[in-house]
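J.: A structural model of the following input is requested.
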Amino acid sequence: MTPSSQCVESPADILVIGGGINGCGIARDAAGRGLRVVLAEKGDLAGATSSASTKLFHGGLRYLEYFELRLVREALAEREILLRAMPHIARPMRFVLPYHPSMRFDAETPVSRLLGLVMPWLRGRRPAWLIRLGLFLYDHLGGREILPGTSRLDLRATPEGAPLQPRFETAYEYSDCWVDDARLVVLNARDAAARGATILTRTEVTDAHAEGGLWVVTLRDASGSRQIRARHLVNAAGPWAERVARGIAHAEPEGHVRLVRGSHIVTRRLFDHDKAYFLQGTDGRIIFAIPYEDDFTLIGTTDADHADPDTPPRCTEDERDYLCAFASAYFRTPVTADDVVWSYAGVRPLYDDGTRSATAATRDYRLSLDTGAGAPMLTVFGGKITTYRRLAEAALARLAPGTRAWTAGVPLPGGDFAIEDGPALIAGLRADYPFLTEAWARRLQRTYGTEARAWLGAARTVADLGQAFGATLTEAEVRWLMTREYATRTEDILWRRTKLGLHLSAEQTASLAAFVEGLSAAA
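T.: Numbering: from 1, shown residues only. Model prediction:
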């Protein structure tokens, strides 16, 4: 049978190319508006950029120095909207910003250039009054309701100051939010499917062309090729967006993608409290040091241009050493390569605004609607995880202007509880499943929220959950991830649906791989 003879008779309203956060966010929003949606992802959901972020819902404090006020205001307002919708995978976090008079600006920021003209005696230094002004704007631009505001912190006799070098005596403490980025993508996809969308993973789009005002799209998966028709095409392919537009859809997008690699390292736990650090370098850049997966600290990120989306990003030795040296300039105990237990890198598909520096390139998004091929195609450039919901609303305003926005505050699967009720959910899990330890119950609450009980079921002992793979991962959980969350491979489970890859031994990983392979073969 030829691909054209398999063409679906009833066209989809929207076909989305790309299963990252923007693609899944658009699919969810569109499905909730009653549109017929198909999403095709050539690999795993969140398999590229969207699982390699710094894991933050944040306004972007440093973007104020680039005068990106609209982006910061939108992102700040979104933090609390998103927090209410996903209190299991997102949570408030306080950030400690140590101050020292030697701190300097990135010389290329507009604020730095302006102060160089009007206050040349600063000689590139970042004064304390300017940091306080930036934090004041950060507190008030977005209409903050839940998150506490900025406060001043004496580091000389506090837990936050204990791991830092004694030269840091003062800090400012402000609020942002932590989020599990890969689970955010998966839950958007699941909610889209619950509202009628078709989610196709491990499915590549190989061609798209317009016929009679519709897109005819060729899909290829392990079983072969087929075609479907769609009224609109959404190109949310991230780093591959330009390639999809030109090579797949035979169109010329209005804009270019700038690929910027961001690398992170994960070290042994560097401090004993649950706050994060916002660290300013002598080169004007910033990094974060964030509590991670209970036993670790996440440090990142770098900004480096990346030439080819098909070249897998990795944290280079130079980037690792840069991050270690950056952190060591703050912490009493130096951070070395021996402390690094894992590293990862992602390629940000930024909108190319012509700036020389990868750090200075805008994090705002651009949507390009092209009708030149004979059917509408919307291409997504840039964006950041915090504004994905607003980006989806903007996309639907272009594609389906007569429909109503609905996603603000609507919970994702498992998120149907109040922010302050998280501890009660953990206590309830331990009461109903006495074999759960405190750490295990906390992991389940932060991963699945109210859905944890759906696969724990009537279990009374650990043995009731089937084969145990280590680090509290059991057969019951793996089956849930593979039947309900689109996981098909071991790495999907260990590094995207969870981060249990940090805890499993090589032997345990091999045991899990054998189980996953057997389950896939039987499907």
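J.: so where's this protein uncertain?
T.: Scanning the chain for pLDDT under 70 picks out 1-9, 66, 103-113, 115-116, 118-126, 354, 356-361.
J.: count of neighbours near the closest residue to Gly20 other than its chain neighbours?
T.: Among residues not flanking Gly20 along the chain, Ser50 sits closest, at 4.0 Å (C-beta to C-beta, 6 or more residues apart in numbering). (Glycine included, C-beta is placed from N, CA and C.) By the criterion of other C-beta atoms under 10 Å, Ser50 has 27 neighbours.
J.: contacting residues for Ser50?
T.: 20-21, 181-182, 184-185, 238, 346, 385 (C-beta atoms under 8 Å, 6 or more residues apart in numbering).
J.: Can you point out the buried residues in the helix or strand harbouring Val96?
T.: Applying DSSP states H and E as the criterion places Val96 in strand 90-99. Buried positions in strand 90-99, judged by neighbour count with 16 or more other C-beta atoms under 10 Å: 90-99.
J.: Likewise for stretch 427-438?
T.: Quick answer for stretch 427-438 (16+ other C-beta under 10 Å): 428-430, 433, 436.
J.: Kindly format the C-alpha coordinates of it as PDB.
T.: C-alpha atoms of stretch 427-438 as PDB (Å, rounded to 0.1, in the frame of the first residue of the first chain):
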ATOM      1  CA  ALA A 427       1.400  11.900  55.100                       C
ATOM      2  CA  GLY A 428      -1.700  10.400  53.500                       C
ATOM      3  CA  LEU A 429       0.400   8.200  51.300                       C
ATOM      4  CA  ARG A 430       2.400   6.900  54.200                       C
ATOM      5  CA  ALA A 431      -0.700   6.300  56.200                       C
ATOM      6  CA  ASP A 432      -2.400   4.300  53.500                       C
ATOM      7  CA  TYR A 433       0.800   2.600  52.300                       C
ATOM      8  CA  PRO A 434       2.900   2.000  55.400                       C
ATOM      9  CA  PHE A 435       5.800   0.400  53.500                       C
ATOM     10  CA  LEU A 436       6.600   3.800  52.000                       C
ATOM     11  CA  THR A 437       9.500   5.700  53.600                       C
ATOM     12  CA  GLU A 438       9.300   9.500  54.000                       C
END
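J.: what residues does that stretch touch?
T.: 426, 441, 444-445, 452-453, 456, 459-462, 472.
J.: So which of these is the closest to Leu114?
T.: Nearest to Leu114 out of the contacts of stretch 427-438 is Gln445 (C-beta to C-beta; 46.7 Å).
J.: Quick check: phi and psi on the residue nearest to the spatial centre of the chain?
T.: In the chain, the centroid-proximal residue (C-alpha atoms, centre = their mean) is Asp181; its distance is 3.4 Å. Backbone torsions for Asp181, taken as degrees, to the nearest 10, come to phi -60, psi -50.
J.: still on that earlier bit, of the contacts of stretch 427-438, which is the nearest to Phe278?
T.: Gln445 (27.1 Å).
J.: and the helix or strand containing the closest one, which residues are buried?
T.: Here Gln445 sits within helix 438-448, counting by DSSP H and E. Going by neighbour count (16+ other C-beta under 10 Å), the buried part of helix 438-448 is 440-448.
J.: Show me where the stretch 1-150 of the chain has its helices.
T.: All helices of the stretch 1-150 of the chain, identified by DSSP state H, counting those that start in this stretch, fall at 21-32, 69-85, 110-118, 128-140.
J.: re earlier: quick one: which two of the buried residues of strand 90-99 are the most distant?
T.: Ala90 and Tyr99, at 27.9 Å, using C-beta to C-beta across the buried residues of strand 90-99.
J.: on that earlier part again, I'd like the helices of the stretch 1-150 of the chain as a markdown table, with mean neighbour count appended.
T.: Listed next are the helices of the stretch 1-150 of the chain as a markdown table, based on neighbours: other C-beta atoms under 10 Å:
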| stretch | mean neighbour count |
| --- | --- |
| helix 21-32 | 29 |
| helix 69-85 | 20 |
| helix 110-118 | 13 |
| helix 128-140 | 16 |
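J.: Which among the ones you listed is found nearest to Ala171?
T.: Set against Ala171 and scored by C-beta to C-beta, the helices of the stretch 1-150 of the chain come closest in helix 128-140, at 10.2 Å.
J.: hmm, who's touching that closest one?
T.: 59, 61, 64-65, 72, 76, 97, 99, 101, 111, 115, 149-150, 170, 172, 174.
J.: How about the nearest residue to Val234 once chain neighbours are set aside: which residues does it bridge to?
T.: Nearest residue to Val234, sequence neighbours excluded (C-beta to C-beta, 6+ apart): Val16, at 4.4 Å. With DSSP bridges as the criterion, Val16 is bridged to Leu39, Val234.
J.: Spit out the contact partners of Val16.
T.: 23, 26-27, 30, 37-40, 234, 236.
J.: ok, 7 Å please
T.: Val16 makes contact with 23, 26-27, 37, 39, 234, 236, according to C-beta atoms under 7 Å, 6 or more residues apart in numbering.
J.: quick one: secondary structure of the residue nearest to Arg442 when sequence neighbours are not counted?
T.: Computed as C-beta to C-beta, 6+ apart, the closest residue to Arg442 that is not its neighbour in sequence is Ile426, at 5.5 Å. Here Ile426 is helix, with the state taken from DSSP: H, G, I helix; E, B strand; the rest coil.
J.: I'd assumed Tyr388 was in a strand, is it?
T.: No - under three-state DSSP, Tyr388 sits outside any strand and is assigned helix.
J.: Begin at 8 from now on, thanks
T.: Noted, 8 is the first residue going forward, which turns the last one into Tyr395.
J.: shouldn't it be in contact with Cys31?
T.: No - the pair Tyr395 / Cys31 is not scored as a contact, 8.4 Å apart, by C-beta atoms under 7 Å.
J.: Leaving out the residues flanking it, which one is nearest to Arg163?
T.: Closest residue to Arg163 apart from its sequence neighbours, by C-beta to C-beta, 6+ apart: Glu176 at 5.6 Å.
J.: How about Trp247?
T.: Leaving out its chain neighbours, Trp247 is closest to Pro316 (C-beta to C-beta, 6+ apart), at 5.1 Å.
J.: Quick check, the one you found in contact with Glu249.
T.: No - distance between Pro316 and Glu249: 8.8 Å, which falls outside the contact criterion (C-beta under 7 Å).
J.: Arg163: how many residues sit nearby?
T.: 11.
J.: Phi, psi for it please.
T.: phi -70, psi -20.
J.: that older thread, isn't there a helix covering the residue nearest to Trp247?
T.: No - counting by three-state DSSP, Pro316 is not part of a helix but coil.
J.: and it, what does it touch?
T.: Contact analysis of Pro316 by C-beta under 7 Å, 6+ apart lists 246-247, 266, 354.
J.: TSV for the buried residues of stretch 434-445, including secondary structure and distance to Arg491?
T.: Listed next are the buried residues of stretch 434-445 as TSV, based on DSSP: H, G, I helix; E, B strand; the rest coil; distance: C-beta to C-beta, whole Å:
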residue	secondary structure	distance to Arg491
Gly435	helix	21
Leu436	helix	19
Arg437	helix	24
Tyr440	coil	19
Leu443	coil	20
